[in-house]
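1. Sequence first, predicted coordinates after that:
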Amino acid sequence: MIEFVEADETTPYTEQLRGRTGQVVLVNTFTVPRGRTEEFLALWREDAAYFTRQPGFVSTQMHRGIAGSRILVNIAVWRSAAHLAAAHANLQARPGGSGYPEGCTVSPHLYEKVAVEGICGD
């Protein structure tokens, strides 16, 4: 079973899912025990396939830490926090679910784009 760890204890993920926003970016950070990455990715692929079929899903990309890092980060874009919350509401339909390797942790957190003049748009 994967262990849930809040990325920001002052703003729990479940509270973020209740937020009424426009497009959001889910940054989901995973720590995976050494030697279990391929097993983890096979299960994550099944879960990701479920989420990609949900209304409001825009895109996703998994990233792996380099130089022997045990960290993987999934960055997923959703039309709104409400869409992502609705996708979470039927988690029993997820094929991967509880089969993740012992010792895995997950820290999801939602973000929205910020315009910084002269550097990045909104």
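-> Yes, it's here.

2. Find the centremost residue of this protein, please.
-> residue 28 (3.3 Å; Cα atoms, centre = their mean).

3. quick one, phi psi at residue 15?
-> Taking degrees, to the nearest 10, you get phi -70, psi -40 for the backbone angles of residue 15.

4. confidence score at it?
-> Turning to residue 15, the model gives it a pLDDT of 94.

5. can you list the weak-confidence ranges in the chain?
-> Scanning the chain with the threshold set as pLDDT under 70 gives 91-98, 122.

6. Looks to me like the residue nearest to the centre of the chain is in a strand.
-> Yes - counting by DSSP: H, G, I helix; E, B strand; the rest coil, residue 28 is part of a strand.

7. which element is residue 58 on?
-> Secondary-structure element containing residue 58, defined by DSSP states H and E: strand 57-64.

8. what packs against the next helix or strand after that strand?
-> Using DSSP H and E, the helix or strand that follows strand 57-64 towards the C-terminus is strand 71-78. Under the contact criterion of 3 or more Cβ pairs under 8 Å, 6 or more residues apart in numbering; DSSP states H and E, strand 71-78 touches strand 24-31, helix 37-52, strand 57-64. Using the backbone N, CA and C atoms, a C-beta is placed for each residue, glycine as well.
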